[in-house]
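Asks: Could you work out the structure for the sequence below:
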Amino acid sequence: RYYSFFHLPILQGILPILLVSTFSIMAYRNVRRIRRQQMSKTPRGPD
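Replies: Numbering: from 1, shown residues only. Here you go, the predicted structure:
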């Protein structure tokens, strides 16, 4: 009973999806922040 109500739907369904989506959102935001910092450091156009 415990296995069918907790283990299957939560540990094999919802939890991995939440973990993967959380880390992918964090990585996406981190990449955007790093690119924004690099673009602000590089001069644009002839000076």
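
Asks: Can you tell me how far residue 19 is from residue 39?
Replies: 31 Å (Cβ to Cβ, to the nearest Å). The C-beta positions use only the backbone N, C-alpha and C, and glycine is treated the same way.

Asks: tell me the secondary structure for residue 10?
Replies: helix (DSSP: H, G, I helix; E, B strand; the rest coil).

Asks: Can you get me a residue count around it?
Replies: When counting by other Cβ atoms under 10 Å, one arrives at 12 neighbours for residue 10.

Asks: Kindly report the same for residue 8.
Replies: 10.

Asks: same check, this time on residue 16
Replies: Neighbours of residue 16 using other Cβ under 10 Å come to 11.

Asks: any idea how far residue 33 is from it?
Replies: Taken as Cβ to Cβ, the span from residue 16 to residue 33 is 26 Å.

Asks: if I look at residue 6, how far off is residue 17?
Replies: 16 Å.
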